Structures are given as C-alpha cells and as structure tokens.
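Undergrad: give me coordinates for this.
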Amino acid sequence: QVQLVESGGGLVQPGGSLRLSCAASGFTFSSYAMSWYRQAPGKERELVAAITSAGVSTNYADSVKGRFTISRDNAKNTVYLQMSSLKPEDTAAYYCNAHRSSWRGEFDYWGQGTQVTVSS
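TA: Here you go, the predicted structure:
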C-alpha cells in the first residue's frame with residue numbers, strides 16, 4: 001500500500017521558518033523523483049520544488065528560490081522542504097508527490113497535504 005505522509009505544517013509568523021517532511025512507504029522511494037506542490041484557496045496547484053531520485057538535481061519555482069530548500073534521505077524514505085523567510089503568500093496546503101516514468105508507464109503518488117499558514 002503506497003503512502004505519502006506529510007508533516008511539519010502549522011502557523012508561523014512572516015519571516016519565520018518551517019520544515020516539512022514527507023515519509024514514503026509502499027514503493028521503491030529511491031527510484032522516484034520527489035516534489036512539493038502547494039495549493040492556496042481559489043488557486044491552482046503549483047510546483048514548489050523538485051528533486052531527482054538520487055538527489056543530484058533540484059528545481060524551484062521562482063517565487064521560492066533562495067528561501068526554500070528541498071532535500072531527501074533515501075535511507076529514511078523521506079523528502080524534506082526547508083522553508084525560510086516565509087511570506088503570507090506562502091500560505092497554502094503543501095502536498096508531496098512521487099513521480100516515475102518508465103517503459104511501464106507513468107506513476108504518480110500524492111500525499112494528503114499539510115497546511116502552512118503565514119500570518120502575524
């Protein structure tokens with residue numbers, strides 16, 4: 001049974017930091033690229049950050065570059081999102097995604113999301 005369980009969300013003041021975690025199980029974590037997406041009320045889900053299966057390459061949305069860092073620990077089957085200098089516009093539900101493309105097809109798994117609220 002595939003599971004992606006996010007944690008670490010909460011209420012933080014502008015300028016503060018949070019670290020999100022996503023614990024994976026039920027699939028070969030080290031074979032999947034991992035990403036964090038977010039969705040604010042009334043807006044479409046957007047890609048925040050992504051990391052390749054071995055953790056060699058990362059990619060960020062322009063809006064979070066220099067403030068957010070994605071990382072992964074394949075030994076722990078966990079991906080992280082370190083968020084710093086948080087802004088009110090970072091308020092959203094954050095979702096973890098696992099993705100793999102192979103000759104067998106495309107595989108996508110999603111977590112249930114964790115809420116991040118940036119407010120004074």
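
Undergrad: isn't S57 right next to A49, touching?
TA: No. Contact criterion C-beta atoms under 8 Å: S57 and A49 do not qualify, at 11.4 Å. From N, CA and C alone the C-beta is placed, and that goes for glycine too.

Undergrad: who's more crowded, those two?
TA: Ranked by neighbour count (other C-beta atoms under 10 Å), S57 and A49 place A49 first, with 23 against 10.

Undergrad: and that one, how far from R38?
TA: Going from A49 to R38 by C-beta to C-beta, to the nearest Å gives 10 Å.

Undergrad: which other helices and strands does the helix or strand in which S35 is found contact?
TA: When elements are defined using DSSP states H and E, S35 is found to belong to strand 33-39. Packing partners of strand 33-39 (3 or more C-beta pairs under 8 Å, 6 or more residues apart in numbering; DSSP states H and E): strand 18-25, strand 46-51, strand 68-73, strand 78-83, strand 92-102.

Undergrad: got the angle between it and strand 78-83?
TA: Here strand 33-39 runs at an angle of 40 degrees relative to strand 78-83 (axes from the mean of the first three to the mean of the last three C-alpha atoms, to 10 degrees).

Undergrad: can you pull the buried residues of strand 33-39?
TA: Residues of strand 33-39 classed as buried: A33, M34, S35, W36, Y37, R38 (neighbour count, 16 or more other C-beta atoms under 10 Å).

Undergrad: all set, thanks.
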